[in-house]
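>>> just to be clear, the model below is a prediction. Sequence and coordinates:
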Amino acid sequence: MKIVTMTLNPAFDLHCMADKFVTGHENTARILDYGAGGKGVNISKVLNLCGVENICFAVLGEENEKKFVEMLSAEGVSLRALTVAGRIRENITVHTLTGEETRLSFSGFSAPPMLMNQIRTACEKEISAGDAVTLTGSLPEGLAVSEVKEFLVECASRGAKVVVDSRSFSLEDLIDLKPWLIKPNEEEISHYLGREVTDFSDILWEAKELHYRGIANVMISLGARGAMLSCDDGVFVATPPSVKAVSTIGAGDSMVGGFLSAIKLGKPSKEALRYAVACGTAACLTEGTRPPVLRDVETIRQQVHVDKI
């Protein structure tokens, strides 16, 4: 199984720490992390960490793509880039001693006409039967969800395992697509359903319902409580050990990377969920969107408890 991660709207992520953050005043902060990211990029970094070969496909704005390429090259990411006019967007996250986070997101490039056709041409030789393709993160301005759905349907028709983790898609889109894997969190499940969903039994019901409606693997992240998975093998709940989180940003991407790594290595669904939760939990121990440390992943994996319910 070849794994292709797709990031159509990547970003430079800058994380900094301020003792406190007060709007309307000058704030002093120190930089914690600065990196080239995006959800698909983050998944590729975790796959690399787990020793799983993959191709990271990204659309880059020509104004600042050089630095982005250099940063990913230094991290050993196998990048396939499609360049368009404009800038890669930038995000600034201000962390405080109280745990509060303030995020500033700047606009990036707009999708040029026929961008999806260019993406299709660039990827058609990379994706075939038995491969996995991830479409995660937001879509750039000007790129219609319908165009991306059409591309993903084509990938699935060729026998590829389609993974979707993006708020750009509605619940109806997901049910139409029937991806091989989705990974919403509690907030996103609530967003999809148009009502607040926090009760465990309610979340469990929705996971089973989405699987029944054709999504092969419905993995819902539950924050510090772990995650659940509804799939053909049954319904599993994974509970991680308690850790002191440094940053939860990118933990969901690490979960997807961990799940795909385990499946690639031939692990059953139960163990894939265990490894996904281990990777997501370990990612909370690193600053910014840095990938987890393999040593932490292995230590936590041994402490993740998985129940079939």
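Sure, I can see it.
>>> neighbours of residue 116, how many?
Using other CB atoms under 10 Å, residue 116 has 17 other residues around it. In this view, the C-beta of every residue, glycine as well, is placed from N, C-alpha and C.
>>> in terms of helices and strands, where is the closest residue to it other than its chain neighbours?
Nearest non-adjacent residue to residue 116, counting by CB to CB, 6 or more residues apart in numbering: residue 147, 4.2 Å away. Applying DSSP states H and E as the criterion places residue 147 in helix 145-157.
>>> for the residue nearest the centre of the chain, pull up the helix or strand it's in.
Centroid-nearest residue in the chain: residue 253, 3.1 Å away (criterion: CA atoms, centre = their mean). Element membership for residue 253 (DSSP H and E) is helix 251-264.
>>> only alpha carbons, please: show that helix as PDB.
Provided in PDB are the C-alpha atoms of helix 251-264 (Å, rounded to 0.1, in the frame of the first residue of the first chain):
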ATOM      1  CA  ALA A 251      -2.500  15.500  17.600                       C
ATOM      2  CA  GLY A 252      -5.300  14.500  15.300                       C
ATOM      3  CA  ASP A 253      -3.000  14.400  12.300                       C
ATOM      4  CA  SER A 254      -0.600  12.200  14.300                       C
ATOM      5  CA  MET A 255      -3.600   9.900  15.000                       C
ATOM      6  CA  VAL A 256      -4.300   9.500  11.300                       C
ATOM      7  CA  GLY A 257      -0.600   8.900  10.700                       C
ATOM      8  CA  GLY A 258      -0.400   6.300  13.400                       C
ATOM      9  CA  PHE A 259      -3.500   4.500  12.200                       C
ATOM     10  CA  LEU A 260      -2.200   4.300   8.600                       C
ATOM     11  CA  SER A 261       1.200   3.200   9.800                       C
ATOM     12  CA  ALA A 262      -0.300   0.300  11.700                       C
ATOM     13  CA  ILE A 263      -2.500  -0.800   8.800                       C
ATOM     14  CA  LYS A 264       0.400  -0.600   6.400                       C
END
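>>> pLDDT averaged over the following helix or strand past it - what is it?
In the C-terminal direction, the helix or strand that comes right after helix 251-264 (DSSP H and E) is helix 269-283. The average of the pLDDT scores along helix 269-283 is 97.
>>> report the angle between helix 269-283 and helix 251-264.
140 degrees (axes from the mean of the first three to the mean of the last three CA atoms, to 10 degrees).
>>> I'd like to know which elements helix 269-283 is packed against.
Contacts defined by 3 or more CB pairs under 8 Å, 6 or more residues apart in numbering; DSSP states H and E place helix 269-283 against strand 217-221, strand 227-231, strand 234-239, helix 251-264, helix 294-301, strand 305-308.
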